[in-house]
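S.K.: coords please:
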Amino acid sequence: MTQKNQRLPLSNTLSRKITHNLLRRIIDGVYPAGSLLPTERQLAEEFGVARTIIREALKRIEAIYLITIRQGSGALVADFKTVGGIELADILMYHNDGSIDRQFLKDVGQLHEGMHIWLAKLTAQRITPDEIDALKKLIQERANMPKDDKRLPEITLKITRSIVQASHNSYIQLLFNTLARTTQASRTVFEMPFYFDPEAQIFFERLVEAFENRDGEMASLLATRM
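M.R.: You can find the predicted model right below:
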């Protein structure tokens, strides 16, 4: 059995759910910065689980710096706006009732736009002939797919990953890898454009032409228009 098909242990699944619940409370101010979380015993009783599962959840939260666990003193809550990272994006994208936080979505959109413009221009300057050839093959593969093909998200992500790698910027590659691996919401910062947009194929084809011509201005203009 491959790792992809293996089920997570029940304790792992429970600790993840509890982690999400506690993070939501921290973000919503139920547990404000500077306060202490309820004790492991209290949380175990509330969620109806063993203390070991609560401990797993708290370790997850400590790993992203939102609490500091002090032996004998409890878990001290940090200010997520000061120390929080991209791991919180999927939670911040939605209110507690499940509705989208439109202001946060707008914030993501602003970064999305600026990142695409800068990335397109940088890649036009640095992409190699071999990378252009590989990108062309991916774009052609996408063109041959039916418009409603379920593989469109996968091939679009591959194209985007190729563009990111062709920028030869180590930091942006690491950022892309982190977003693609951890957060569905934040990954949209890089996924250009939306999978089923009818203009997407034309955009990619013209973008690779700009890359071939080393035309950074045209590449950034295309990203701006898209």
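S.K.: list the buried ones in the helix-or-strand element of the chain with minimal mean pLDDT?
M.R.: Scoring the helices and strands of the chain by mean pLDDT, DSSP states H and E places helix 170-182 at the bottom, with a mean of 79. Residues 172, 175, 176, 179, 180 are the ones in helix 170-182 that count as buried (16 or more other C-beta atoms under 10 Å). Backbone N, C-alpha and C define where each C-beta goes, glycine included.
S.K.: got TSV for those residues, with distance to residue 146 too?
M.R.: What follows is the buried residues of helix 170-182, written out as TSV (distance: C-beta to C-beta, whole Å):
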residue	distance to residue 146
172	32
175	32
176	28
179	28
180	25
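S.K.: looking at those residues, spot the one nearest residue 26.
M.R.: Closest approach between the buried residues of helix 170-182 and residue 26, by C-beta to C-beta: residue 179, at 21.6 Å.
S.K.: kindly list the longest helix within the protein.
M.R.: For the chain, the helix reaching the highest residue count under DSSP state H is reported as helix 102-126.
S.K.: helix or strand next in line after that one, which one?
M.R.: helix 129-143 (DSSP states H and E).
S.K.: state the mean pLDDT of the helix or strand just after that next one.
M.R.: Moving toward the C-terminus from helix 129-143, the next helix or strand (DSSP H and E) is helix 152-166. Helix 152-166 carries an average pLDDT of 91.
S.K.: same question for stretch 64-73.
M.R.: Mean per-residue pLDDT for stretch 64-73: 91.
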